[in-house]
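Participant: Sharing a sequence plus its predicted fold:
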Amino acid sequence: MVEESLAPLSCPILRLNAERTPEENVRAIKNAYERLIAMQERQPLVIQVRYHADIPPLEKLPQGDWIDLRAAEEVDMRAGEYRLISLGVSMKLPEGYEAHVAPRSSTFKRWGILMTNSVGVIDESYCGDRDLWYFSAVALRDTHIEKGDRICQFRIVKKMADVSIEPVAFLSAPDRGGIGSTGAR
């Protein structure tokens, strides 16, 4: 029975066969899995970038996993003003990934601007030459941003797996107590 179930399994990195014991085949599966993980870690994902402004190229710094984005234009904003600030890039993300764009930790302190929708989500379908990236900002004070200033950052994240939504009359879990239920301290 074991021999029949293992016979059709074959791939270049994983070799199962009926001549091995089940324990040997389990070890072979574990080794193949470890080799696949190691191969993925060695091959970085590629993000294609088209620049629409004369700004320094994007770079992934070794001390973090967010990539800084720069203002692609000089911007003057008055307190209370809203503006889409061009980041001067279009990108083609790796298949199955989306980008999350957020302000840098110093953005508010330096320029007094907030990202109006808290975080930007850019899916992989927003990948054409004219699909420019922007920072959606509101100024809380009068401010000036120089072209090339690093105002936000992004990272790529695997897209959510397919899900189905199931309406139910009751959830099968206990209530935690609502917003703020864990206390303030």
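Facilitator: Done, it's in. Numbering: from 1, shown residues only.
Participant: Tell me which residues of the longest helix along the chain come out buried.
Facilitator: Scanning the chain for the longest helix, with DSSP state H as the assignment, gives helix 22-42. For helix 22-42, a neighbour-count test (16 or more other C-beta atoms under 10 Å) marks Asn25, Ala32 as buried. Where C-beta positions appear, they are placed from N, C-alpha and C, glycine not excepted.
Participant: do the same with stretch 99-107
Facilitator: Ala99, Val101, Ala102, Pro103, Arg104, Thr107.
Participant: For that stretch, give the mean pLDDT please.
Facilitator: On average, the pLDDT along stretch 99-107 is 96.
Participant: now stretch 70-79
Facilitator: Mean predicted confidence for stretch 70-79 is 98.
Participant: got it, and stretch 82-95?
Facilitator: In the prediction, stretch 82-95 has an average pLDDT of 97.
Participant: Can you measure across that stretch, start residue to end residue?
Facilitator: Distance between the two ends of stretch 82-95: 33 Å, counting by C-alpha to C-alpha, to the nearest Å.
Participant: so how far is that stretch off the chain centroid?
Facilitator: Distance of stretch 82-95 from its chain centroid, counting by C-alpha atoms, centre = their mean, to the nearest Å, is 14 Å.
Participant: contacting residues around the residue nearest in space to the middle of the chain?
Facilitator: Centroid-nearest residue in the chain, with C-alpha atoms, centre = their mean: Ile156, separated by 2.2 Å. For Ile156, the contact set (C-beta atoms under 8 Å, 6 or more residues apart in numbering) comprises Leu45, Ile47, Leu93, Pro94, Tyr97, Glu98, Ala99, His100.
Participant: if you look at those, which of them are in strands?
Facilitator: Residues of the contacts of Ile156 located in strands (DSSP state E): Tyr97, Glu98, Ala99, His100.
Participant: Tell me the bridge partners for the last one.
Facilitator: With beta bridges defined as DSSP bridges, His100 has these partners: Val121, Arg155.
Participant: quick one: contacts for it?
Facilitator: His100 neighbours (C-beta under 8 Å, 6+ apart): Val119, Gly120, Val121, Ile122, Phe154, Arg155, Ile156, Val157.
Participant: now swap in Trp111 and tell me
Facilitator: Taking C-beta under 8 Å, 6+ apart, one finds Ala139, Thr143, His144, Ile145, Asp149, Ile151 in contact with Trp111.
Participant: again, 6 Å this time
Facilitator: Thr143, Ile145 (C-beta atoms under 6 Å, 6 or more residues apart in numbering).
Participant: Which pLDDT does the model give it?
Facilitator: If you check Trp111, the pLDDT there is 98.
Participant: how close does it sit to Ala71?
Facilitator: Counting by C-beta to C-beta, to the nearest Å, the separation of Trp111 from Ala71 is 9 Å.
Participant: which neighbours do those two share?
Facilitator: Ile145.
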